[in-house]
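Q: Task: produce atomic coordinates for the following.
(3 chains)
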Amino acid sequence: MHEEPILHVRNLNKQFGKGCIHCFDKRERQLEKNYCPICGTVYACQDVSLDLFPGEILGIVGESGSGKSTMMQCLYFDAPVTSGEVYLNNAELTGQNIFDLSQQKKRYIRNHKYGMVYQNPVNGLKMNFSSIGNIAEKLIAAGNRNVSSMEATGKRLLEHVQIPLFRSKEEPRNFSGGMQQRVQIAKALSNNPPILFLDEVTTGLDLSVQANVLDLIKEIQRKWGISMIVVSHDLAVIRMLADRTMVMLNGAVIEEGLTDQILEDPQQAYTQRLVYSLL
Amino acid sequence: MGYVAVKGGTMAIEASINRLTYDRLKEREIIEVNTIIATMRAMVDQVMSESSLYSPFLAALAIKQAEGSMEEAVFIMRSHRSTLPRLYYSNIIESDSMLVERRISASFKDIPGGQILGATTDYTHRLLDFSLAEETRLKNDQWMKQYMEKIKQEVKEDGEISYLPKVVDYLREEGLFGTYELDNTMPTDITKENLSFPASRSARLQTLTRGQTGAVTALGYASLRGYGQVHPTVGEVRVGKLPIYVEHPNEPEQTAEDSYYIGEIKVSEVESFVPVSIKNEQNEEELDFEIGYGICYGQNETKAIAMSILDQCLEHPEASFPTHDEEFVLLHIDSVEATGFISHLKLPHYVTFQSKLGSIREVKKKGGAQ
Amino acid sequence: MKHTTHFAFFDEGSKKEIRRTTLKAVAIPGYQVPFASREMPIARGWGTGGLQLTLSLIGKEDTLKVIDQGADESVNAVSIKKLVQQTTNVELTNHTEAASIIQSRHRIPEAQLSEEQILVLQVPTPEPLRKVEASEYATKRLHAEEEYSGAWLLLFEQIMKYGKTATGADHPVYVNGRYVMAPSPIPRFDNPKLHASKALTLLGAGREKKIYAVPPYTEVASLAFEDYPFSVESFAGHACHLCGTKDVFLDELVDEETGETYYQCNDTSYCIDRLNSEEPAEVGHYHA
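A: You can find the predicted model right below:
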C-alpha cells in the first residue's frame, strides 16, 4: 500500500507492576507467558507496533491474556501506557505523539477522531439515559449544540442499526444484549469518526445476533469507509471482517499479514493451532 | 416616608427565643456546669470528641445551653472553636506514653502488662437502677470512704511510672506486622485546608475522629456486617490520659526537655488487627496483618473501634463497598454538616418551588413530548 | 469565664484565609476555590458560606442588606443580619441601593446593582455536575478538562422527555466562556442579571467548602441549545397586586377567603420602593 496510515503505532508497552532486575531488560527477561515469575509483573503489551490504513479493517486475534484488549484500552486512553508512540494522520496533530498530549487534547481526540465499542455495553452506554440521549452525548462532547440536528442524527443512526424509532427514547437497560450492542455502535459512529475500535463486540451474543452485528459492521465499513481495529479471540469473526490480521500472544505480535494469507498459510505454531481449530 | 416593611421576621424570632428560654426555665431547676462535668462524663466526652475541642468545662456549658441535645451542643462548641486563634501545634505524642486507666485485648487471653478492665459499663446489667432516684450525698460519701480504704489496703504504690507495652509491639517482634519508617511529614490540618481527594491518611483520621458517634458507628457496623471487607480482631483498646507539650515558638534550638507541658487529654485508642493477603518479595501470597487505627477524645470505645474499621476500609479503596469509598464515608459523618443540611429543609423554598412549578405547568400545557 | 466575641466573629487569620480564597475566585471566574470553611454560629446549610464571605469582607463603614427568598424580613435573613450586627455594629438597610454588601439566598434583587456593591449569594450545592457525577474527585477532573457533556446531556434528556427543558432554579451557566457554574438556586429569571453585572458577585458554600465568583462585567451565559433557547419563568398576564409591577419575579399567593390566586413582588423592598415612589403621601396598610 502506498497510502499514508491513518494511525501509526510504534513500540507500545504496557506493564502492570514495577518490574525487577530479572525483567527490566526486555532481551534478557524470562517470562512465563507474559508474567515475570520473580516479581509478578505482567508485561501485557510488549513493543506492539501497527499501522492502520484508511478504510481498512485490521483484525487482532489472540486468546484472553494476549494483550489485545489492553492495547485497545491504551489506544483509546482508557488506560495509561507505560511507553510507546502513536501518531494520527491529521494536519493539526502532525508529528505529535498523542500519548504525550494533555488530558484535554486526548479527550478532544476521543470525542472527534475515535469511536469505541466495548465488549460490555455498560462501559460504553449510560444505562439510565435514553438511547437517543446516549448518542447525543457523544455529539455534545464533539461540540454539537443543536437538538434537532442531534435528534435527526440519532434517529438516522438508530434506524441504521435497526433499533425501532419508537424505542429511541427508551433506556438501553431495558434492551437485549444485541440491541444494546447496536446502540453502542450507533453511538460510536455518531460523530463520523475516522477510526473505530471494536473490542470483542460479539462475544456473549447468540449466534444469530452475532451474525446480525457483524453484518452491520461490514456494512458500515462499505458505506462510510471508516478505518477499524477489531479485536477478537474468535478467528471466525476476524475472518469475516478483517482485511489484514495481527496475531498476538503473551503481549507480543507474533504474526501479521493479509487475513487470507494467515488463514491459508500460518507460519507460527500458535497461529497454526488457531487456524486448524477453526476448520 | 410612606410604606415601610413590617418587622414580622424580627418579631417572630424574638418571640421564639423567649419561648425557648421559658421552656428551659419553667420547671425552676438549675443544673450546675460542675454537676454536668461530674455526672455526665460520657456525654461531655462525646461532645468534645465530635466538636474536636477538648475542654470539659466548655462542653458541659454547651450541654447545659443545648439542654442536652448532642447535635446542638456539638454545634455550639464548633462555632466557638471558630473564634479561637490557633497559635500552636503540639509536639507529636507517642501514645505509648499514655497513663493507662483501662486496656484490654481481644486477641490474646493474656497480654504483657495484663488486661486491665478499669471503669467500664461492659459488664453491668442494664437494669434501671431505681435507687438512683433517691440517691443521697450521705450514702455516696459512705460508699466512697469504704472504697478508698479498700483501695489503700489492696494497692501498693511503688512511686515509679511504668508504661505498658503495646500488644502490636509483641507481634511486630515476631515479624507478623510490617515495620514502617516513622513518617513525620506534617499532617494535613483539615480545619485549615479543604479536604481534597484522594485524602491523606492524616486527613482521613482527623475526619473520622471528629465524626458523629452514631454515623461512625453505623458505617463501621455496615462494613462489619457485610457491606465491607474488614473483619478485625481488636488488638488493643486503651483508655487513658496523654500529656500534651508545645515548643517555645521563638527558640530556634531546643530539646524535648524545653517544651512546655500544657495539660493532658483523655482518649480512647484502638488498634484493630485485620488479616490481609499480600504478596511477598518472592511473589507468593502470604497472610499478614494490617492495623486499623481509631482514637477519639474521652472514653468512647465504640466510636474508636468503628473508626479503626473505617480507617482500614479506606486503606483499601479497591473494594466496591460504599464503606471503602472515602468520599462516601468522610463527607457524610460530620455532625454539624449532616444536621445542618438536613435541617435547612425547614427554611422557606418558595422561590425555587415557584420556579419548578412554572416548568411543570409548561410541560403539562404542552402535553409533553411524544 | 467570660467571652467577648471578635469584630465580625472570626479571628483575623480566618478572615485573611477567606479573603485570599476570594481573590483567587475573582481571578478565575466561575472556578470553585476550596477553602477550609469555619463552623459558624448558624447551621451549615443555612447560609454559612455567604455569611463567611460577608464577615471576611465587612468593615465598620459598610451597610448591609440580607434577604432570603427576596424578603428582608424572612426569619433566616433576620437571624443572619442579627449575628453580623451584633459582632460588627454595622448599619443595616432594606434599601438595595443603600447597601454596600447584599447577602442573599435564592434571589438577585430587582434593582440594578452598581460597581460600588458586592452581592454575596448563599450556595447549597456548588457543583453543577453533581447530578451526573457523585464523586468530587471525578467532577474536579471534568472541570479541568472542560468536559461538560454531562450538564448538556441533562438538558437534552429533558427536551427528549418533556419537549422542553424543565429546569427550575439553579440553571447552570457558562462563566467567561470557560467554567460551568451553579448560580445557586436563584430562579432562571435572575440568571441574566449575572451577565455583565456591574457589581461583584461572590458565591459561598459553607458546608461544601467552596467559594467562587463572577467579577464585574463578566460574560455569563445560561446553558441552552441553539434551537431550544434559555427561557425564564413567565408571569405573563400577572402583576403585583400591591404596586402593579409586571416585569419582576412574582410570588403566587392564595386569598384565604375567596380562594383566588393573586401575585405579589417577591422582592419586598423593591415593592415598597415602588409604592413610595408612586404614592409618596399615602400611608398604606404596610405601616409598621
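
Q: tell me which parts of the stretch 151-288 of chain C are close to chain A?
A: Residues of the stretch 151-288 of chain C that fall close to chain A, judged by C-beta under 8 Å from any C-beta of the partner chain: C:152-153, C:156-157, C:159-161, C:225-228. C-beta: built from backbone N, CA, C; applies to glycine.

Q: So stretch B:344-357, near chain C or not?
A: Yes: using C-beta under 8 Å from any C-beta, stretch B:344-357 reaches chain C at B:344, B:347-357.

Q: so how far is that stretch off the chain centroid?
A: Centre-to-centre, stretch B:344-357 and its host chain are 35 Å apart (C-alpha atoms, centre = their mean, to the nearest Å).

Q: and it, how far apart are its ends?
A: Length of stretch B:344-357, first residue to last, C-alpha to C-alpha, to the nearest Å: 21 Å.

Q: for A:Phe197, helix, strand, or coil?
A: With DSSP: H, G, I helix; E, B strand; the rest coil as the basis, A:Phe197 sits in strand.

Q: let me fix that: B:Gly240
A: strand.

Q: again, but for A:Glu159
A: helix.

Q: separation between it and chain C?
A: Taking C-beta to the nearest C-beta, to the nearest Å as the measure, A:Glu159 falls 16 Å from chain C.

Q: which residues does the closest residue to that residue other than its chain neighbours contact?
A: Once flanking residues are discounted, A:Glu159 sits nearest to A:Leu165: 6.3 Å by C-beta to C-beta, 6 or more residues apart in numbering or on different chains. By C-beta atoms under 8 Å, 6 or more residues apart in numbering or on different chains, A:Leu165 lies in contact with A:155, A:158-159.

Q: Counting neighbours, which of those end up buried?
A: Among the contacts of A:Leu165, the ones that count as buried by 16 or more other C-beta atoms under 10 Å in any protein chain shown are A:155, A:158.

Q: Mind picking the one among the contacts of A:Leu165 that's closest to chain B?
A: Nearest to chain B among the contacts of A:Leu165: A:Lys155, at 12.5 Å, using C-beta to the nearest C-beta.

Q: from the stretch 51-200 of chain C, which residue is nearest to chain B?
A: Taking C-beta to the nearest C-beta, chain B has its nearest neighbour within the stretch 51-200 of chain C at C:Gly168, 3.4 Å off.

Q: which residues in chain C form helices?
A: Using DSSP state H, the helices found in chain C span residues C:12-27, C:48-57, C:75-88, C:136-144, C:149-162, C:191-194, C:268-278.

Q: okay, these, which one's buried deepest?
A: Of all the helices of chain C, helix C:48-57 has the most neighbours on average by mean count of other C-beta atoms under 10 Å in any protein chain shown, namely a mean of 26.

Q: If you count contacts, what does it end up packed against?
A: When contacts are defined as 3 or more C-beta pairs under 8 Å, 6 or more residues apart in numbering or on different chains; DSSP states H and E, helix C:48-57 sits against helix C:12-27, helix C:75-88, strand C:101-105, strand C:118-122, strand C:200-205, strand C:210-214.

Q: quick one, what contacts residue 99?
A: Reading this off chain A. Going by C-beta under 8 Å, 6+ apart, A:Phe99 touches A:81, A:84-86.

Q: if you could check chain C rather than the one you did, that'd help
A: C:Ala99 is in contact with C:63-65, C:93, C:117, counting by C-beta under 8 Å, 6+ apart.

Q: which residues of the chain score low on pLDDT?
A: This is for chain A. Applying pLDDT under 70 to chain A flags the ranges A:1-2, A:279.

Q: Not quite, go with chain C.
A: Along chain C, segments meeting pLDDT under 70 span C:1-4, C:279-288.

Q: before we move on, the earlier item: and the residue nearest to A:Glu159, how far is that from C:Asp227?
A: Here A:Leu165 is placed at a distance of 20 Å from C:Asp227 (C-beta to C-beta, to the nearest Å).

Q: How about the contacts made by the residue of the stretch 151-300 of chain B found nearest chain C?
A: Residue of the stretch 151-300 of chain B nearest chain C, by C-beta to the nearest C-beta: B:Asn194 (3.4 Å). By C-beta under 8 Å, 6+ apart, the residues touching B:Asn194 are C:34-37, C:209-210.

Q: change it to 10 Å
A: The contact partners of B:Asn194, taken as C-beta atoms under 10 Å, 6 or more residues apart in numbering or on different chains, are B:188, B:203, C:21, C:33-37, C:208-210.

Q: would you turn these into TSV with distance to B:Val267?
A: As requested, these are exported to TSV (distance: C-beta to C-beta, whole Å):
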residue	distance to B:Val267
B:Thr188	20
B:Ala203	19
C:Thr21	33
C:Val33	35
C:Pro34	30
C:Phe35	29
C:Ala36	24
C:Ser37	26
C:Glu208	30
C:Lys209	27
C:Lys210	33
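
Q: before we move on, the earlier item: can I assume the residue of the stretch 151-300 of chain B closest to chain C sits in a strand?
A: No: under three-state DSSP, B:Asn194 sits outside any strand and is assigned coil.

Q: Show me the helices in chain B, by range?
A: Using DSSP H, the helices found in chain B span residues B:8-25, B:33-39, B:41-51, B:56-65, B:70-82, B:137-154, B:167-173, B:201-209, B:213-225, B:301-314, B:326-330, B:335-343, B:350-366.

Q: Hmm, C:Val120 is touching C:Ile102, no?
A: Yes: if you go by C-beta atoms under 10 Å, C:Val120 and C:Ile102 touch, sitting 6.8 Å apart.

Q: what sits in contact with each of the two?
A: Going by C-beta under 10 Å, 6+ apart, residues that sit against C:Val120 and also against C:Ile102 are C:54, C:64, C:66, C:201.

Q: Tell me which of the helices of chain C approaches B:Ala60 most closely.
A: For B:Ala60, the closest of the helices of chain C is helix C:75-88, at 24.4 Å, according to C-beta to C-beta.
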